[in-house]
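A.B. asks: fold the stuff below for me.
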Amino acid sequence: MTIRIGKISLWHVHAWDYIKQAQEHEDTVMAGVWDEDPERGQEAANRLNVPFYASLADMLAQDNIDAVIVDAPTRLHEEVITAAAKAGKHIFTEKVIAATQVESNAILRAVRENRVKMTVSLPRLYAGYTATIQDVLERGLLGQVTYVRARLSHDGAITDWLPQHFYSLQDCQGGALIDLGCHPMYLTRLFLDQEVTDVHANFGYITGKEVEDNAVATLSTSSGAVGVVEAGFVNSHSPFAIEIHGTEGTLLYGTPEPKLLIRTKAAEGQYTDWTELPVAENMESAFNQWVTHIQQDTEDSTNINMAMELTRLMEAANRSAKEARRIALTELQS
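C.D. replies: Okay, here's the model as predicted:
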């Protein structure tokens, strides 16, 4: 079964990466392009040798398009993803689903009502280090988890390789945290493995952009465990890093090399000194999983649930920074 894919916007910096995945998969082909910027969309269509549609409705009405890849501005996600679902097209979308829980819930309702398959790009959820860390936690090697910290940062705002539209508050609905910080946010939530009750965020504006380029968010839980999420566009040579601390041990990744280190009292004499753990192979990519779900009429509730939780946490963080106070997740509208 060949899945014919329409491209909804090339706004995001990863747009061509997802097109490449579609081109490389034996069961998917690109079949059309729509973009809110017609010139950019026409250029992409010419490059791909597929039709360009000036109207999104026209592209979604085509019988020879089965699914869409969404890389539109975050502000358009509810509009374009809901339209695709109502047209019966399966959906692969860049994170976040949307900037607010209200919008994400509306999207999810449309997806379920129209029985289409949606997968959100949360690539680090399927990384080998994530699987290995999950195994360590499930085996209880750290005891009760008390603190999780994840950091992801780059220098895009000080070397100007990020496109200028990534600094538009209207389009992006935020800055470093809602873009790059999505990854440490969903990983921190995953490793905490318990409900987050409230979020307290602080944003920095090093380069004076409209959106934050330096951010930290603290996640609180009812057990007392704390999660810390860090992201930035203004940091050179800042390694992707994960720390997990528990009552019995500690796990470190990326300090600075991509090695997984453990030291614990809970392994029957093993790992009493810092020990490197072998990292599992990466799991199937989110895109490839999406294709399989379409072909086999299955779904990954874990992906959707994590993406919905990501929206809640991001909305709370953005509101916290704006209002300069801690935000309880119960305050968010659904």
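A.B. asks: could I get the full set of strands for the stretch 201-334 of the chain?
C.D. replies: Along the stretch 201-334 of the chain, counting by DSSP state E, counting those that start in this stretch, strands occupy 214-221, 226-232, 241-246, 249-253, 260-264, 275-277, 327-328.
A.B. asks: who are the packing partners of the first one?
C.D. replies: This means strand 214-221. Applying 3 or more CB pairs under 8 Å, 6 or more residues apart in numbering; DSSP states H and E, one finds that strand 214-221 contacts helix 176-179, helix 182-192, strand 196-204, strand 226-232, helix 301-323. Glycine gets a C-beta too; all of them are placed from N, C-alpha and C.
A.B. asks: repeat for the fifth one
C.D. replies: Under the contact criterion of 3+ CB pairs under 8 Å, 6+ apart, the helices and strands touching strand 260-264 comprise helix 128-138, strand 249-253, strand 275-277.
A.B. asks: same thing but 6 Å
C.D. replies: Contacts defined by 3 or more CB pairs under 6 Å, 6 or more residues apart in numbering; DSSP states H and E place strand 260-264 against strand 249-253, strand 275-277.
A.B. asks: hmm, back to that, among the helices and strands packed on strand 214-221, which is nearest A45?
C.D. replies: Taking CB to CB, helix 176-179 is the member of these nearest to A45, at 25.9 Å.
A.B. asks: ok, residues contacting the closest one?
C.D. replies: With contacts defined as CB atoms under 6 Å, 6 or more residues apart in numbering, helix 176-179 is touched by 212-213, 215, 231-233, 314, 317.
A.B. asks: could I get those residues in a markdown table, plus columns for pLDDT and distance to A99?
C.D. replies: What follows is those, written out as a markdown table (pLDDT from 0 to 100; distance: CB to CB, whole Å):
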| residue | pLDDT | distance to A99 |
| --- | --- | --- |
| E212 | 98 | 14 |
| D213 | 98 | 18 |
| A215 | 98 | 15 |
| A231 | 98 | 16 |
| G232 | 98 | 20 |
| F233 | 98 | 18 |
| M314 | 98 | 7 |
| A317 | 98 | 11 |
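A.B. asks: got a list of what I97 touches?
C.D. replies: I97 makes contact with 104, 107, 120, 307, 311, according to CB under 6 Å, 6+ apart.
A.B. asks: now with 7 Å, please.
C.D. replies: Contacts for I97 were tallied using CB atoms under 7 Å, 6 or more residues apart in numbering; they are 77, 104, 107, 120, 307-308, 311.
A.B. asks: helix/strand/coil for the nearest residue to it once chain neighbours are set aside?
C.D. replies: Sequence neighbours aside, S104 is the residue nearest to I97 in space, at 4.5 Å (criterion: CB to CB, 6 or more residues apart in numbering). Recorded secondary structure, S104: helix (DSSP: H, G, I helix; E, B strand; the rest coil).
A.B. asks: surely S104 meets A98?
C.D. replies: Yes: checked against CB atoms under 7 Å, the pair S104 and A98 is within contact range at 4.6 Å.
A.B. asks: which residues are in contact with both of these two?
C.D. replies: Shared contacts of S104 and A98 (CB under 7 Å, 6+ apart): T311.
A.B. asks: still on that earlier bit, in TSV: the helices and strands packed on strand 260-264, plus mean pLDDT.
C.D. replies: TSV is the format used below for the helices and strands packed on strand 260-264 (pLDDT from 0 to 100):
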stretch	mean pLDDT
strand 249-253	98
strand 275-277	97
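A.B. asks: in stretch 53-67, what's buried?
C.D. replies: 53, 56, 59-60, 62, 65-67 (16 or more other CB atoms under 10 Å).
A.B. asks: would you format those residues as JSON lines with secondary structure, distance to M185 and pLDDT included?
C.D. replies: Listed next are those as JSON lines, based on DSSP: H, G, I helix; E, B strand; the rest coil; distance: CB to CB, whole Å; pLDDT from 0 to 100:
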{"residue": "Y53", "secondary structure": "coil", "distance to M185": "34", "pLDDT": "98"}
{"residue": "L56", "secondary structure": "helix", "distance to M185": "29", "pLDDT": "98"}
{"residue": "M59", "secondary structure": "helix", "distance to M185": "32", "pLDDT": "98"}
{"residue": "L60", "secondary structure": "helix", "distance to M185": "31", "pLDDT": "98"}
{"residue": "Q62", "secondary structure": "coil", "distance to M185": "36", "pLDDT": "97"}
{"residue": "I65", "secondary structure": "coil", "distance to M185": "32", "pLDDT": "98"}
{"residue": "D66", "secondary structure": "coil", "distance to M185": "31", "pLDDT": "98"}
{"residue": "A67", "secondary structure": "strand", "distance to M185": "27", "pLDDT": "98"}
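A.B. asks: perfect, I'm done here.
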